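Chemist: Just need the structure, nothing else, for what follows:
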Amino acid sequence: MNIDFYTWNTPNGRKISAALEEMALPYTVKTVNIGSGEQLEPAFLKISPNNRIPAIVDPDGPDGAPISVFESGAILLYLARKTGRFMPQDARRQVAALEWLMWQMGGFGPMPGQVHHFLGVKDPQDQRYGLERYSNETRRLYGVMNRHLAGHEFFADEVSVADFAILGWAWRHERHKVDLAQFSHVKRWYETMMARPATARGYEVALA
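Modeler: Residues are numbered from 1 along each chain as shown. The predicted structure is shown next:
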């Protein structure tokens, strides 16, 4: 049975479409137009009480009964547990995967997201401080990634849910005004991930 995948064409949505493709799980896209307020409809709030995409409903949950999951990080961990894939078995690598997943959820998402917001602010006086602050922090985070990837092929040394999570936001590097050529190790990792056929399908599937 297909997993119902509630989403829109955003970095957080693309994390999950790539993971679903990589894990070879059948799914049905249920678009939630966040521009017109569909995320506030009561039916969706029953699945995602924080009125954010993505969310999933798996008809074959852990006990065989349907289960809904919201928050992209929680969805990635749920899918990894369901399939037994993309969460390292080695304890040290598993810690690394969890660290970098939490790093993305807490920083490399909220910070470039603020860049996207302030780029859309029309008044230069209102825009200036916020754009400078969040652009600087976003570039710092790219530097953190670049230093780590200098010694690692992937974030946990093998492809994991952490890579899918981080890739969703690195996919928007042009939108938050970052040239990957300035972060050579991130660029190498990004191109390697995007060259994976299943990941590529996850970025090609229509989500809006």
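Chemist: quick one: buried residues of the helix or strand containing Gln125?
Modeler: Under the criterion of DSSP states H and E, Gln125 resides in helix 124-149. For helix 124-149, a neighbour-count test (16 or more other Cβ atoms under 10 Å) marks Leu131, Tyr134, Ser135, Glu137, Thr138, Arg139, Leu141, Tyr142, Met145, Asn146, His148, Leu149 as buried. All C-beta spots, glycine's among them, are computed from the backbone N, C-alpha and C.
Chemist: Enumerate every residue touching the nearest residue to Leu167 once chain neighbours are set aside.
Modeler: Distances taken as Cβ to Cβ, 6 or more residues apart in numbering put Met193 closest to Leu167, at 5.2 Å, once the chain neighbours are dropped. By Cβ atoms under 8 Å, 6 or more residues apart in numbering, the contact list for Met193 reads Val159, Asp163, Leu167, Thr199.
Chemist: Distance check, the first one against Arg93.
Modeler: Translated: Val159. Distance from Val159 to Arg93, counting by Cβ to Cβ, to the nearest Å: 11 Å.
Chemist: try the last one
Modeler: Separation of Thr199 from Arg93 (Cβ to Cβ): 19 Å.
Chemist: Give me the more crowded residue out of those two.
Modeler: Thr199 (22 against 17; other Cβ atoms under 10 Å).
Chemist: which non-adjacent residue is nearest the more buried one?
Modeler: That would be Ala18: by Cβ to Cβ, 6+ apart, it lies 4.8 Å from Thr199.
Chemist: which other residues reach the host helix or strand of that neighbour?
Modeler: Taking DSSP H and E as the criterion, Ala18 maps to helix 11-22. Defining contact as Cβ under 8 Å, 6+ apart, one finds that helix 11-22 is touched by 3, 5, 7, 27, 29, 52-54, 56, 72, 75-76, 79, 85-86, 109, 159, 161, 164-165, 167-169, 171-172, 196, 198-199, 201-203, 205, 207.
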